[in-house]
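Undergrad: My questions are about this predicted structure, shown below with the sequence.
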Amino acid sequence: MAPRRCFLQLLSALVLTLGPTAGQMRQPLALEALGEAGELAEKLWGAGLPGDLPELEPECRRLLFAFAEDSAALTDCLSRRARPVRLCQACHLYYHRLLAQYGNITRAVGNSSESHNCAKSILTSDRLQVVVTLAEFFNDTWETANCANCLKNSSEGLSDSTVEFLDLFNKSLTCFEHNLQGQAIYLSPNNYTEVCRNCNETYRKLNDLYNHLQRMNRQGGESGTSAHLCIDVEDAMNITRKLWSRTFNCSRPCSDTVPVIAVSSFILFLPVVFYLSSFLHSKQKKRILILPKRIQSNAALVNIQEKYS
């Protein structure tokens, strides 16, 4: 009887739920609740309540949106300048603008009630801390790229040495392109003698300047720390060296190779010369002792006497 009673109770509940009301089928309770929630949300939006960020004051929301816009601009710049690498020279304005916006947020900590506690709400109100994570990511990327080594102390632009290097780099690429176009008609594609001959001076200046910047950077860096040039300069030099040595095959022996080979050969043959001269000198002074006949006869007589004694 118990199963029958349960079935009747379930049937009664279903009839009450699906019973006709004003000639129409009544909606399920869940759908009714959902519709009421939607109507309430529309009323709230119509009243001007910020449904996406209800806990932030207008000033805090303005700081967060400004940080978001600068983050998007910096991300777009870093992505577009990733290859070939032009991060430091193209994105330094976006990076310092982002730092300024992050500083505006962090300076709100500890202020009076006028700050509406923006820093706490934006930075540390949840476990994920998205704004802090983004700021640390951009800062780590900038430091790993060593962009400070390419910029002036005030970070307003590229340093003079970086500008000089990039100018020589552009001249080298222009020289490569010009001589490739000039020799394409007369020479085979694998013969780059015109490039090697006409661009050697520009490439040598670029390479010398890069080595000089490396030495200066090591001397100026603290002991125990890695001394790298900014990623823009390193990538530009790597590209030029690969073109010069691998693509154009312009690597040539150093101008001091012949004297070095001559001195090395002389040093290697020194032991041979020493032993040969010693052998010849000793043979010239060697004396062959010849006994006189009288001495030989006396020696033979002495031997005979010793034999029969």
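TA: Everything's here; your move.
Undergrad: which residues in this structure form strands?
TA: Along the chain, the stretches classed as strands by DSSP state E are 20-21, 24-25.
Undergrad: How many neighbouring residues does residue 274 have?
TA: 10 (other Cβ atoms under 10 Å). Just so you know, the C-beta spots here come from the backbone N, C-alpha and C atoms, and that holds for glycine as well.
Undergrad: pLDDT score assigned to residue 13?
TA: We have a pLDDT of 50 for residue 13.
Undergrad: Can you tell me how far the residue nearest to residue 169 when sequence neighbours are not counted is from residue 218?
TA: Using Cβ to Cβ, 6 or more residues apart in numbering and skipping the chain neighbours, the partner closest in space to residue 169 is residue 236 (4.8 Å). To residue 218, residue 236 is 19 Å away according to Cβ to Cβ, to the nearest Å.
Undergrad: cool, residue 94 as well?
TA: Per Cβ to Cβ, residue 94 is found 30 Å from residue 218.
Undergrad: Counting neighbours, go ahead and name the busier of the two.
TA: residue 94 (19 against 12).
Undergrad: Identify the residues contacting the more buried one.
TA: For residue 94, the contacting residues are 70, 73, 74, 77, by Cβ atoms under 8 Å, 6 or more residues apart in numbering.
Undergrad: now, which of those residues sits nearest residue 202?
TA: residue 77 (29.7 Å; Cβ to Cβ).
Undergrad: and the closest residue to the closest one other than its chain neighbours, how many neighbours?
TA: Spatially, and ignoring its direct neighbours in sequence, residue 77 is nearest to residue 91 (4.0 Å; Cβ to Cβ, 6+ apart). Counted with other Cβ under 10 Å, the neighbours of residue 91 add up to 25.
Undergrad: Now do residue 91 against residue 60, distance only.
TA: Counting by Cβ to Cβ, the gap from residue 91 to residue 60 is 27 Å.
Undergrad: can you check residue 128 too?
TA: Taken as Cβ to Cβ, the span from residue 128 to residue 60 is 17 Å.
Undergrad: who has more neighbours, these two?
TA: Using other Cβ under 10 Å as the criterion, residue 128 and residue 60 rank with residue 60 on top: 21 against 8.
Undergrad: excluding its backbone neighbours, what's nearest that one?
TA: residue 118 (3.8 Å).
Undergrad: and that neighbour, what is it in contact with?
TA: Residue 118 neighbours (Cβ under 8 Å, 6+ apart): 56, 57, 59, 60, 63, 105, 108.
Undergrad: Would you list the buried entries among those?
TA: 56, 60, 63, 105, 108 (16 or more other Cβ atoms under 10 Å).
Undergrad: Confirm for me that the third one is in contact with residue 122.
TA: In this case it means residue 63. Yes: if you go by Cβ atoms under 8 Å, residue 63 and residue 122 touch, sitting 6.8 Å apart.
Undergrad: Name the residues contacting each of the two.
TA: residue 105.
Undergrad: In this structure, where is pLDDT below threshold?
TA: Residue ranges of the chain with pLDDT under 70: 1-55, 108-116, 182-190, 220-227, 252-260, 279, 281-309.
Undergrad: Using the record's domain definitions, break it down for me.
TA: 58-145, 160-247 (automatic domain parsing).
Undergrad: got the ones you listed as a markdown table, with distance to residue 278 columns?
TA: Converted to a markdown table, these look like this (distance: least, Cβ to Cβ, whole Å):
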| stretch | distance to residue 278 |
| --- | --- |
| domain 58-145 | 63 |
| domain 160-247 | 47 |
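Undergrad: looking at those, which is closest to residue 151?
TA: domain 58-145 (6.0 Å).
Undergrad: Spit out the contact partners of residue 157.
TA: For residue 157, counting by Cβ under 8 Å, 6+ apart, the contacting residues are 92, 151.
Undergrad: That one and residue 262, how far apart?
TA: Distance, residue 157 to residue 262, by Cβ to Cβ: 50 Å.
Undergrad: same thing with residue 103?
TA: Remark: distance between residue 103 and residue 262 (Cβ to Cβ) = 64 Å.
Undergrad: And for residue 99?
TA: Taking Cβ to Cβ as the measure, residue 99 and residue 262 are separated by 59 Å.
Undergrad: Which of these two has more residues huddled nearby?
TA: Shown here are residue 99 and residue 262; by other Cβ under 10 Å, residue 99 has more neighbours (17 against 10).
Undergrad: List the contacts of the more buried one.
TA: residue 139.
Undergrad: do you know how far it is from residue 66?
TA: Residue 99 is 12 Å from residue 66, by Cβ to Cβ.
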